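>>> I need the structure of the sequence given here:
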Amino acid sequence: MPLDPLTLWAVVLFIGFVICVVMLLAWWLTPTEVSLGYWAAAVFLLAAGLSLGYARTHLPETLSILFGNMGLLAGYGLLWAGVRRFDGRRPRLPLALFPAALWPLVVALPPFSQSVAARFAVVGVITCVLLALTTYQLWRSREGVLRARRTVMVLFAAMAMLTLARVPLAGRVEIDGHLAIFTSPAFVGFAATSLSCLVIGSFALIIMVRERAEMRYRSASLVDELTGLLNRRGFIQEALRGFPSQGAVAVLMLDLDGFKQVNDRLGHAEGDRVLAIFAKVLKENFRHVDIAGRIGGEEFAALLPGQDLAEAGRAAERIRRTFERVVSEQGFGPERNLPLPLSVSIGVSATDRPPPLVTASIEAVVRAMMAQADRELYRAKSNGRNRVELAVFDPGRINSVA
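Just a heads-up that it's a prediction; the model follows:
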C-alpha cells in the first residue's frame, strides 16, 4: 500500500512541534544553556513554515509563499546561531536572520514572483549555505569528544548535500503552477527523510547539551578550584593515562616550605594567593605533556614523561629558583616579617626503563615512584629545605609493592 505524502507531512509537523516543546522544557530545566532556546525557536519556525506550505491550498498564496519560506529560512538561520551560542561565540543573529528578512524582496522580483521552481531553487541554495555554516561551526569547535556532536555534524552535512542535490530538480516540483512536494507520491521519500532528520537532529542537539554538561561535571570533580590544577584523584587518573609504555619518566613531589606561617600570620587569603602563585609557576615551567596536580594542602605532584633523572632534576631546580624569585617579587619577602623564607622542596624519582606493564600495573608503578619521590622530598626538608633531592627508581622494586 503506497504511503500518503499528506499523512507523512502531518506526522513531520506534529513531531516538529512536540520537539519544540521538549527543547523548551530542557531549556527551562537548564536555563544557562541559551542555545536550547535558539533551537526550540528554530524547530518551531521550521515546523510553522512547513505547515504554511502544507496548507497552501487553503490559504492565500501570498501568505504561504511569503511567511512559509520566511519561517524556513529563519529556522535554519537560528539553527546556526544556536550552535554558535552553544560554543560560546556571538550568535550573529542579524546575519542568521538576514535571508529571512530579505525574502519579501526576493519574491517581489521576477522570475521568483511567477515561478514556483525558481523560489524552490533559491530557498534550497540558501538552506544549503546555512546548513553548511552550521556543520562548519560544529567541526571547528570540536569540544572534547562529544559523540552527539559528531552525530549532529554528520547529519547536518548530509542534509546540506541532499538539499543541494535537490536544487537541479526544481523544475519537477511545479505542477499546474503549484508546489507538488506535499501532494505527489514521488516525494514520499523526501517526507520520510525530513521526518528522520528532524527527529534525530533535534534529539541529538539535546543529547549534545547533556553530554557536555556531564563532561564538565566530571572534569570539575577532578580539578582543584583554587589553583586550577588537577586534584589528587584527577592527578592519579591523568598520570595513569599519560604514563609512557617505554622510555624515560620522572615523578616529582613538591612541598612549600614555611607555608603554615603564612596562614597563621597573614591569614588564609594570603595563603591561597601563595598556592595560586606556585600553581602558576608550575604551569609556566612545565611542558604541555607534563601532568601536575595539587594532592593536598601545600603538597603538589607532577609526572614528566620522557624525562630522565638529569632532565627532571633541571626542571625541578628551575621551578625552585623561579618560585623563590616570584614570591619575593609578590611581597612575601623579609618585609612581611615571616620567620622562615617561602620556598619549595622537591623530591624526584626517575627511571629510563619502566618495568614491563605485564608484570606490574601502571597504577602500582606510579604509586611506587610517588612514594620514592616523597621520601626524597622529606630528605630535602631534613637537609635544610629549599632544595632538590634525586633518586633513581629501580623497576625491580615494583614487584614488592604491586
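
>>> contacts and neighbour counts: CA atoms only from here.
Fine.

>>> can you tell me the element Ala301 falls in?
strand 299-305 (DSSP states H and E).

>>> quick check: closest non-adjacent residue to Val249.
Take Val249 and drop its neighbours on the chain: the residue closest to it by C-alpha to C-alpha, 6 or more residues apart in numbering is Pro305, 4.6 Å away.

>>> ah, wrong one, I meant Ala160
Closest to Ala160 by C-alpha to C-alpha, 6+ apart is Cys128, at 4.7 Å.

>>> model confidence for the one you found, exactly?
We have a pLDDT of 92 for Cys128.

>>> and it, how far from Phe156?
From Cys128 over to Phe156 the distance is 10 Å, taken as C-alpha to C-alpha, to the nearest Å.

>>> thinking again about what came up before, average pLDDT across the strand holding Ala301?
Averaged across strand 299-305, pLDDT comes to 95.

>>> quick check: angle from the helix or strand just after that strand to strand 299-305?
Using DSSP H and E, the helix or strand that directly follows strand 299-305 along the chain is helix 309-329. Here helix 309-329 runs at 140 degrees with respect to strand 299-305, directions being taken by axes from the mean of the first three to the mean of the last three C-alpha atoms, to 10 degrees.

>>> for the next helix-or-strand element following helix 309-329, name the packing helices and strands.
Per DSSP H and E, helix 309-329 leads on to strand 343-351 as the next helix or strand towards the C-terminus. In terms of contacts (3 or more C-alpha pairs under 8 Å, 6 or more residues apart in numbering; DSSP states H and E), strand 343-351 is packed against strand 249-257, helix 309-329, helix 362-382, strand 388-392.

>>> adjacent strands (with direction) for strand 343-351?
strand 249-257 (antiparallel), strand 388-392 (parallel) (DSSP bridges).

>>> now what about the last one, what contacts it?
Just to be clear, that refers to strand 388-392. 309, 313, 316-317, 320, 345-351, 372-373, 376-377, 379-380 (C-alpha atoms under 8 Å, 6 or more residues apart in numbering).

>>> show me which of those residues are buried.
Listed as buried from those are 309, 313, 316-317, 320, 345-351, 372-373, 376-377, 379-380; burial here means 16 or more other C-alpha atoms under 10 Å.

>>> not counting sequence-adjacent ones, nearest residue to Ala48?
Ala48 sits nearest to Gly71 (C-alpha to C-alpha, 6+ apart), 6.5 Å away.

>>> neighbouring contacts of the helix or strand containing that neighbour?
Gly71 belongs to helix 69-86 when elements are defined using DSSP H and E. Here helix 69-86 makes contact (C-alpha under 8 Å, 6+ apart) with 33-39, 41-50, 90-93, 96-97, 99-101, 103, 123, 126-127, 130-131, 133-134, 137-138.

>>> heading C-terminal from the top helix by length along the chain, find the next helix or strand.
Of all the segments of type helix in the chain, defined by DSSP state H, the longest one is helix 188-220. Next along the chain after helix 188-220, taking DSSP H and E as the criterion, comes helix 232-242.

>>> pLDDT-wise, which helix or strand of the chain ranks last?
Comparing every helix and strand of the chain by mean pLDDT, DSSP states H and E singles out helix 398-401 as the least confident one, with a mean of 53.

>>> got the contact list for Phe98?
With C-alpha under 8 Å, 6+ apart as the criterion, no residue contacts Phe98.

>>> residues near Tyr38, how many?
The number of residues packed around Tyr38, counting by other C-alpha atoms under 10 Å, is 25.

>>> just confirm it is within a strand.
No: Tyr38 is assigned helix when assessed by DSSP: H, G, I helix; E, B strand; the rest coil, not a strand.

>>> and the angle from whichever helix or strand Phe98 is part of to helix 69-86?
Counting by DSSP H and E, the element that carries Phe98 is helix 93-107. Interaxial angle, helix 93-107 versus helix 69-86 (the same axes, to 10 degrees): 160 degrees.

>>> on the C-terminal side of helix 93-107, identify the next helix or strand.
Downstream of helix 93-107, the first helix or strand assigned by DSSP H and E is helix 116-140.

>>> list the buried residues for that following helix?
Of all the residues in helix 116-140, those buried under the rule 16+ other C-alpha under 10 Å are 116-135, 137-138.

>>> who are the packing partners of it?
Under the contact criterion of 3+ C-alpha pairs under 8 Å, 6+ apart, helix 116-140 touches helix 69-86, helix 147-166.

>>> one more time with 6 Å
Under the contact criterion of 3 or more C-alpha pairs under 6 Å, 6 or more residues apart in numbering; DSSP states H and E, helix 116-140 touches helix 147-166.

>>> same for the helix it packs on, what does it pack against?
When contacts are defined as 3+ C-alpha pairs under 6 Å, 6+ apart, helix 147-166 sits against helix 116-140, helix 188-220.

>>> among these, which is nearest Glu299?
Among the helices and strands packed on helix 147-166, the nearest to Glu299 by C-alpha to C-alpha is helix 188-220 (19.8 Å).

>>> quick check: angle from that closest one to helix 232-242?
Taking the same axes, to 10 degrees, one finds that helix 188-220 is oriented at 120 degrees with respect to helix 232-242.

>>> quick one on the thing from earlier: dump the strands paired with strand 343-351 into JSON lines; add distance to Leu109 and mean neighbour count as well.
As requested, those are exported to JSON lines (distance: least, C-alpha to C-alpha, whole Å; neighbours: other C-alpha atoms under 10 Å):
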{"stretch": "strand 249-257", "distance to Leu109": "71", "mean neighbour count": "27"}
{"stretch": "strand 388-392", "distance to Leu109": "79", "mean neighbour count": "21"}
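
>>> tabulate the ones you listed (TSV), appending distance to Cys20 and mean pLDDT.
Below are the strands paired with strand 343-351 laid out as TSV (distance: least, C-alpha to C-alpha, whole Å; pLDDT from 0 to 100):
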stretch	distance to Cys20	mean pLDDT
strand 249-257	53	95
strand 388-392	62	94
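
>>> what sits against Ser328?
Residues in contact with Ser328 (C-alpha atoms under 6 Å, 6 or more residues apart in numbering): none are found.

>>> returning to what we had before: by mean pLDDT, show me the worst of the helices and strands packed on helix 147-166.
Mean pLDDT is lowest for helix 188-220 among the helices and strands packed on helix 147-166, at a mean of 77.
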